[in-house]
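Q: I'll drop the sequence and a predicted model, then ask my questions.
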Amino acid sequence: VEQYLQNISEKRHLNAFLEVFEAEALQKAEEVDAKIKAGTAGKLAGMVIGLKDVLAYEGHALQASSQILNGFKSLYTGTAVQRLLQEDAILIGRQNCDEFAMGASNENSSFGPVLNDADNTRVPGGSSGGSAVAVQAHLCLASIGSDTGGSVRQPGAFCGVIGMKPTYSRISRYGLIAYASSFDQIGVLTHSVEDAALLLEVMAGPDEFDATVSQRPVPAYSQNLTYDRPARIGYIKDSIESPGLQPEVKDAVMGVLDRLQEEGHTVEAVDFPYLDYMVPTYYILTTAEASSNLGRYDGVKYGYRSENVTDLTSLYKKTRSEGFGPEVQRRIILGTFVLSADYYDAYYTKAQQVRRLIKDKTDELLKQYDFLILPTAPTTAFKLGENTKDPLAMYLADIFTVQASLAGVPAISLPIGEDAAGLPIGVQLMTKAFGEEQLFAFSKQLM
Ligand code: GLN
């Protein structure tokens, strides 16, 4: 803990943490140390973990990097975090992210951007940018983030660490600030497959506080990390041939596919006809869900309330105009539009239908193949400010990650190399729903 605290203070300029639980972490370390000596320590004893600022932890500030939750403290601890604590994890702090997890560069935080530790002029990815950089720069051993459309996988790729999003419903969302509830999943950022497997094993499983959580028992992922049979691997041809793909990313992913083939796995190109529909479908549905979820921040119940109000309507309007940043406002407006009576069928209903097509096709491919492999992101980490003026350019950074989110299947991003500038490259593996065990085991062989 002392070492991590020192690293955090030496790397303050990265802006990865919004708050460090210094005294608390040191005290917990003493307690865990005593338990280790007594032989009663939990599975995560000694693991020093950071939390993205979307995870409820009783008595601690929680604000999704937004001003609208300024001053808010959580009244309870969410299920995933509670399970970490039960297994003696040491929580070291609250991490910067895009406001309400909306973004792909961490530039939408009301606390300023996070800097990539590989090159401080570049973004860490997002929305779990602080969580990825904290692992990259050894400010903690592992981070817990959230992934709605790529928010642990893409920053994992940009920062050269592992980013894993489980099957939708595998981990309870109780105590996770909602962005788009039919997509949101808690995910992990780690250096090793073993740590990712262990953390998922602890956090996953049935929970009476989330009606959507899966009742399936949780396998001991961390105890079953051998994969010793030939795998059938598909890669989406259009993803590899897409014009926006940075050549070095393409080479790195092709390099992985070649290696797998040499090792005796079957590798085949597959057609996926819906690549162009992925980003629009994702943004129509997530903004619709977000506009509804974020209705609760009205200046009455939580956090910030505007001072200069004259009546109830102006309290709502001023609080929301002052409290939400520009990207969040853009999405609330877009989501409200696609849900409005005149446009509902043209946009929202249509997007639901396309989501079904994407899900069915993805599930079908995942019956034919054990894994689908594709880049995590089309490029390596881009420059701070490079995409901020053009929201569409920013949304396109999600092209390869939203498929697993639309289909609800698990996916992992693994660091597989660097470009000429020394920036990390990630490769992404998807597998069928609840196939986490084989996903971890195969990832282990790849690393
Ligand atoms: N970049 C995507 C978005 O802005 C993904 C965010 C996420 O997964 N939370 O919606």
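A: Thanks, I have it.

Q: most proximal residue of this structure with respect to the ligand?
A: Residue of the chain nearest the ligand, by Cβ to the nearest ligand atom: residue 151 (3.0 Å). (Glycine included, C-beta is placed from N, CA and C.)

Q: for that residue, what are phi and psi?
A: Per-residue torsions, residue 151: phi -70, psi -10 (degrees, to the nearest 10).

Q: the closest residue to it other than its chain neighbours in helix, strand or coil?
A: Ranked by Cβ to Cβ, 6 or more residues apart in numbering and with sequence neighbours excluded, the top spatial neighbour of residue 151 is residue 127, at 4.2 Å. For residue 127, the assignment made with DSSP: H, G, I helix; E, B strand; the rest coil gives coil.

Q: tell me who's in contact with residue 127.
A: Residues in contact with residue 127 (Cβ atoms under 8 Å, 6 or more residues apart in numbering) are 97-98, 101-104, 106, 108, 145-146, 148, 151, 155.

Q: if we can go back for a sec, now do the residue of the chain closest to the ligand against residue 393, distance only.
A: As defined by Cβ to Cβ, to the nearest Å, residue 151 lies at a distance of 18 Å from residue 393.

Q: those two - which one has more neighbours?
A: When residue 151 is set against residue 393 and neighbours are counted by other Cβ atoms under 10 Å, the residue ahead is residue 151, at 36 against 14.

Q: how about the helix or strand bottoming out on mean pLDDT in the chain and the ligand, touching?
A: Ranking every helix and strand in the chain by mean pLDDT, DSSP states H and E puts helix 391-396 at the bottom, with a mean of 87. No: contact check for helix 391-396 against the ligand, using Cβ under 6 Å from any ligand atom: none in range, with a minimum separation of 7.0 Å.

Q: near the ligand, which residues of the stretch 201-350 of the chain show up?
A: If contact is defined as Cβ under 6 Å from any ligand atom, the residues of the stretch 201-350 of the chain in contact with the ligand are residue 286.

Q: if we go to 8 Å?
A: Among all residues of the stretch 201-350 of the chain, those adjacent to the ligand (criterion: Cβ under 8 Å from any ligand atom) are 282, 283, 286.

Q: right, and residue 94 touches residue 51 too?
A: Yes: with the criterion set as Cβ atoms under 8 Å, residue 94 and residue 51 qualify as a contacting pair; they are 5.7 Å apart.

Q: which residues of the stretch 301-447 of the chain fall in strands?
A: If DSSP state E, counting those that start in this stretch is used as the criterion, the strands of the stretch 301-447 of the chain fall at 371-375, 411-418, 424-430.

Q: right, and these - which one's nearest residue 56?
A: Of all these, strand 411-418 sits nearest to residue 56, with 24.9 Å by Cβ to Cβ.

Q: may I see the buried residues of that closest one?
A: Buried residues in strand 411-418, defined by neighbour count with 16 or more other Cβ atoms under 10 Å: 411, 412, 413, 414, 415, 416, 417.

Q: any weak-confidence spans in the stretch 201-350 of the chain?
A: In the prediction, the stretch 201-350 of the chain carries no residues with pLDDT under 70.

Q: what about the helices in it?
A: Assignment of helices within the stretch 201-350 of the chain using DSSP state H, counting those that start in this stretch yields the ranges 237-240, 247-262, 275-293, 312-323, 326-338, 344, 350-368.

Q: among those, show me which one is buried the most.
A: A comparison of the helices of the stretch 201-350 of the chain by mean neighbour count, using mean count of other Cβ atoms under 10 Å, puts helix 275-293 on top with a mean of 21.

Q: other residues contacting that one?
A: Surrounding helix 275-293, the residues in contact under the criterion Cβ under 8 Å, 6+ apart are 100, 102, 148-149, 178-183, 236, 238-239, 242, 328, 331-336, 338-339, 347-348, 350-352, 354-355, 358, 395-396, 398-399, 402-403, 405-406.

Q: related to what we said a few turns ago, got the contact list for the residue of the chain closest to the ligand?
A: For residue 151, the contacting residues are 97, 98, 101, 104, 126, 127, 128, 145, 187, taking Cβ under 8 Å, 6+ apart as the criterion.

Q: touching, the second one and residue 54? I think so.
A: No: when contacts are counted by Cβ under 8 Å, residue 98 is not listed as touching residue 54 (9.9 Å).

Q: surely residue 365 and residue 270 touch.
A: Yes: Residue 365 sits in contact with residue 270 when judged by Cβ under 8 Å, with a separation of 6.0 Å.

Q: what's the overlap in contacts for those two?
A: Counting by Cβ under 8 Å, 6+ apart, the residues touching both residue 365 and residue 270 are 234, 372.

Q: Serialize the residues of the stretch 201-350 of the chain next to the ligand to CSV and add fields for distance to residue 36.
A: Listed next are these as CSV, based on distance: Cβ to Cβ, whole Å:
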residue, distance to residue 36
282, 44
283, 47
286, 43
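
Q: what is the nearest of those residues to residue 29?
A: Of all these, residue 286 has the smallest distance to residue 29: 38.7 Å, by Cβ to Cβ.

Q: roughly how far does the closest one sit from residue 223?
A: According to Cβ to Cβ, residue 286 stands 35 Å off from residue 223.

Q: same thing with residue 212?
A: The spacing between residue 212 and residue 223, counted by Cβ to Cβ, is 27 Å.

Q: mind listing the helices for the stretch 51-200 of the chain?
A: Listed in chain order (using DSSP H, counting those that start in this stretch), the helices of the stretch 51-200 of the chain are 79-86, 129-136, 153-159, 193-203.

Q: got the contact list for the longest one?
A: Spelled out, it's helix 193-203. Counting contacts by Cβ under 8 Å, 6+ apart, the residues outside helix 193-203 that touch it are 43-44, 47, 49, 79-80, 83-84, 87, 141-142, 144, 162, 164, 166, 170-171, 186, 188, 190, 218-222, 225, 412, 436, 440, 443-444, 447.

Q: okay, angle between it and strand 411-418 too, please.
A: Compare the direction of helix 193-203 with that of strand 411-418 by axes from the mean of the first three to the mean of the last three Cα atoms, to 10 degrees and you get 160 degrees.

Q: what does the first one give?
A: Computed with the same axes, to 10 degrees, the direction of helix 79-86 lies at 70 degrees from that of strand 411-418.

Q: tell me what helix 79-86 is packed against?
A: Judged by 3 or more Cβ pairs under 8 Å, 6 or more residues apart in numbering; DSSP states H and E, helix 79-86 is in contact with strand 90-95, strand 142-147, helix 193-203.

Q: which residues are in contact with the nearest residue to residue 203 once chain neighbours are set aside?
A: Counting by Cβ to Cβ, 6+ apart, residue 80 is the residue found nearest to residue 203 once chain neighbours are left out, at 4.2 Å. In this structure, residue 80 makes contact with 55, 144, 171, 172, 175, 176, 186, 203, judged by Cβ under 8 Å, 6+ apart.
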